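A.B. asks: After the sequence you'll find the predicted model.
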Amino acid sequence: MGNVFRGGEQSLHLSNGGTEVFIDVLMLAVSDLADDVWDYRFAALLTLQDQNVMGRGTVGFDLQDIAWGTTPHRRARSKDFVLRATALALSRHRWNDLGYAPPFAQDYLHQFQAMVESFVPADDAHLAGSFPGPDERAMASCSQHRILSALPHWDGCFLCTRPRQS
């Protein structure tokens, strides 16, 4: 089983473990850069990729299902946020917080970056709830790990909910 992240004609197919690594490193960057309602909505989308909560092999998203914004300026700003977060993740930002060396993370991030760079967001007026709304944004931050999470709906961030390795 695996998960797929799509954008235009490109796709990023990841194993369950690869998905975990990809979302972990991206979420660390998004948590530290978010400062706009849209950023927190994107963070909420990433929290929905936590397979320990949602189920293994059941996550993934398509860039065309994201509500990028209703104006060209908003769409450009949203896309820029995702690219800045991806670039920050590529710099190995906070990877030491993970407690493991994220294998292949840079490869996944480079593929995602290329996918986002070539993607042209359209007006999102046609979308019907596939992207977390303003009231569903990830505003809570785990006090222990400083990572945006779906609190109070879940017990903590992805590091809190991850099963402990023995």
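C.D. replies: Sure, I can see it. Residues are numbered from 1 along each chain as shown.
A.B. asks: can you give me the strands in the protein?
C.D. replies: For the chain, strands defined by DSSP state E occupy the ranges 2-7, 10-15, 140-141, 148-149.
A.B. asks: Contact partners for Phe22?
C.D. replies: 5, 12, 14, 105, 108-109, 112 (C-beta atoms under 8 Å, 6 or more residues apart in numbering). C-beta: built from backbone N, CA, C; applies to glycine.
A.B. asks: Asn96: neighbouring residues, count only.
C.D. replies: Neighbourhood size, Asn96 [other C-beta atoms under 10 Å]: 9.
A.B. asks: And Asn96, what's its pLDDT?
C.D. replies: In this model, Asn96 is scored at 89, pLDDT.
A.B. asks: ugh, wrong one, I meant Gly69
C.D. replies: 89.
A.B. asks: gap between it and Ala89?
C.D. replies: Distance of Gly69 to Ala89, computed by C-beta to C-beta, to the nearest Å: 22 Å.
A.B. asks: neighbour-wise, which of the two wins?
C.D. replies: More neighbours surround Ala89 than the other of Gly69 and Ala89, with 28 against 17 (other C-beta under 10 Å).
A.B. asks: Once you drop chain neighbours, what's closest to that one?
C.D. replies: Distances taken as C-beta to C-beta, 6 or more residues apart in numbering put Ala29 closest to Ala89, at 4.1 Å, once the chain neighbours are dropped.
A.B. asks: OK, contacts around that neighbour?
C.D. replies: Residues near Ala29 by C-beta under 8 Å, 6+ apart: 85-86, 88-89, 93-94.
A.B. asks: Reformat the residues you listed as TSV; add distance to Val120.
C.D. replies: Formatted as TSV, the contacts of Ala29 follow (distance: C-beta to C-beta, whole Å):
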residue	distance to Val120
Ala85	19
Thr86	17
Leu88	23
Ala89	22
His93	27
Arg94	31
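A.B. asks: Among these, which has the minimum pLDDT value?
C.D. replies: Among the contacts of Ala29, Arg94 has the lowest pLDDT, at 90.
A.B. asks: returning to what we had before: tell me the pLDDT of the residue nearest to Ala89.
C.D. replies: 95.
A.B. asks: How about Phe81?
C.D. replies: With respect to pLDDT, Phe81 has a value of 97.
A.B. asks: Relative to Thr70, how far out is the closest residue to it other than its chain neighbours?
C.D. replies: Nearest residue to Phe81 in three dimensions, chain neighbours excluded: Asp39, at 5.4 Å (C-beta to C-beta, 6+ apart). Shown here: Asp39 relative to Thr70, a distance of 17 Å by C-beta to C-beta.
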